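> Have a look at this prediction, sequence included:
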Protein chains: 2
Amino acid sequence: MSPNRPVYLKLRDQIAAAIMLGKYPEGAMLPSVRALAAEQGANPLTVAKAYQQFQNDGLVEVQRGVGMYVVKGAAERLRAAERETFLQQEWPEIRERMKQLGLNPADLMQRG
Amino acid sequence: MSPNRPVYLKLRDQIAAAIMLGKYPEGAMLPSVRALAAEQGANPLTVAKAYQQFQNDGLVEVQRGVGMYVVKGAAERLRAAERETFLQQEWPEIRERMKQLGLNPADLMQRG
DNA sequence: CAAGGTGCTTCAGTGCCATAATACAGCCAC
DNA sequence: GTGGCTGTATTATGGCACTGAAGCACCTTG
């Protein structure tokens, strides 16, 4: 289904999770493009593509020649946006799918 | 996320749903590759690729030169397989995602 | 055999993704 | 200024998945 998710999207999710978890607090500098690329065994361009998403959303501030910094309130805004996406798009599909399979959310709550 | 889902997978899901809903009962002949392609505005090859999945799982029987027929018990096996996939793979990921977002299944049950 | 329907195979084209090698532009510590 | 670190732009290349078009192989019907 989505095992062949593009690398730049995986990185994007990974970074987003790290920001929301406070691994990169407000004002903190994100790993440089080259550093993260080396660490993840990816291409610097691919990492830049992942970072690009956050710039567009104004979640990170770019100081050219210095680095990229987490903007104030980024974690909260990220979490809010992700929630919105989940509730508006993913959850309805999940409900529909469960309905089609004859599954009930109540049953699943009991388990894991 | 999944708006750019490949056509052959969409068709596969669509056909699977039709089988489970009894639109194509056991022993019934599925629409021919060309017919379904024309109806859906897709390429015959793309439709064949969708049908291929069902052959591999032994859910349809191919009579070369004649057509493809729904195997006995296909609907039940399909439903069971889909449930298994959902519970084993999708649901854990969903739970993890909700946990990360601070959402609770109980809250969502109240709504839609 | 001939005709028309089936599924299936093959070759080509397209677009996205990822990588690579450079080079450029800005900032800071020395 | 120099060196070294930042992000960014350019160009080229290879791989992969998806789609498209034509033709082949098979079966039924007449």
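It's in. These numbers were taken from a predicted model, which means no experiment stands behind them. Numbers count the residues shown, from 1 in each chain, chains lettered A, B, ... in the order given.
> and chain A, which of its residues are near DNA strand D?
With Cβ under 7 Å from any atom of the strand as the criterion, chain A comes near DNA strand D at residues A:4, A:30-35, A:44-45, A:48, A:51-52, A:55, A:62, A:64-68. (Each C-beta comes from the backbone N, C-alpha and C, glycine too.)
> ok, and which of those reach DNA strand C?
Counting by Cβ under 7 Å from any atom of the strand, A:Leu45, A:Arg64, A:Gly65, A:Val66 from the residues of chain A next to DNA strand D sit close to DNA strand C.
> Looking at those residues, which is nearest chain B?
A:Leu45 (21.5 Å; Cβ to the nearest Cβ).
> Count the residues that sit near that closest one.
If you count neighbours by other Cβ atoms under 10 Å in any protein chain shown, A:Leu45 ends up with 10.
> could you say which helix or strand contains it?
helix A:44-56 (DSSP states H and E).
> that older thread, report the buried members of the residues of chain A next to DNA strand D.
The neighbour-count test (16 or more other Cβ atoms under 10 Å in any protein chain shown) marks A:Leu30, A:Pro31, A:Val33, A:Ala48, A:Tyr51, A:Gly67, A:Met68 as buried among the residues of chain A next to DNA strand D.
> got a list of what the third one touches?
Put plainly, it is A:Val33. By Cβ atoms under 8 Å, 6 or more residues apart in numbering or on different chains, A:Val33 lies in contact with A:Pro44, A:Val47, A:Ala48, A:Tyr51.
> From A:Leu21, how far out is it?
Using Cβ to Cβ, to the nearest Å, A:Val33 is found at 21 Å from A:Leu21.
> next one: A:Gln55
From A:Gln55 over to A:Leu21 (counting by Cβ to Cβ), the distance is 21 Å.
> how about the helices in chain A?
With DSSP state H as the criterion, chain A has helices at A:7-20, A:33-40, A:44-56, A:74-85, A:91-101, A:105-110.
> if we compare the ones you listed, which one ends up closest to B:Lys10?
Closest of the helices of chain A to B:Lys10 is helix A:91-101, at 13.2 Å (criterion: Cβ to Cβ).
> now stretch A:33-45: mean pLDDT?
Mean per-residue pLDDT for stretch A:33-45: 95.
> As CSV, could you dump the C-alpha coordinates of that stretch?
The C-alpha coordinates for stretch A:33-45 follow below in CSV (Å, rounded to 0.1, in the frame of the first residue of the first chain):
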residue,chain,number,x,y,z
VAL,A,33,20.9,19.3,5.2
ARG,A,34,24.3,17.6,4.8
ALA,A,35,24.4,16.3,8.3
LEU,A,36,21.0,14.7,8.2
ALA,A,37,21.7,13.3,4.8
ALA,A,38,24.8,11.6,6.0
GLU,A,39,23.1,10.3,9.1
GLN,A,40,20.1,8.9,7.2
GLY,A,41,22.2,7.7,4.2
ALA,A,42,20.2,9.9,1.9
ASN,A,43,21.0,12.6,-0.6
PRO,A,44,21.3,16.2,0.6
LEU,A,45,18.9,17.2,-2.1
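> what sits opposite A:Glu61 in the beta ladder?
The partner list for A:Glu61 in beta bridges (DSSP bridges) reads A:Tyr69.
> can you list the domains in chain A?
Annotated domains of chain A cover A:7-72, A:75-110 [automatic domain parsing].
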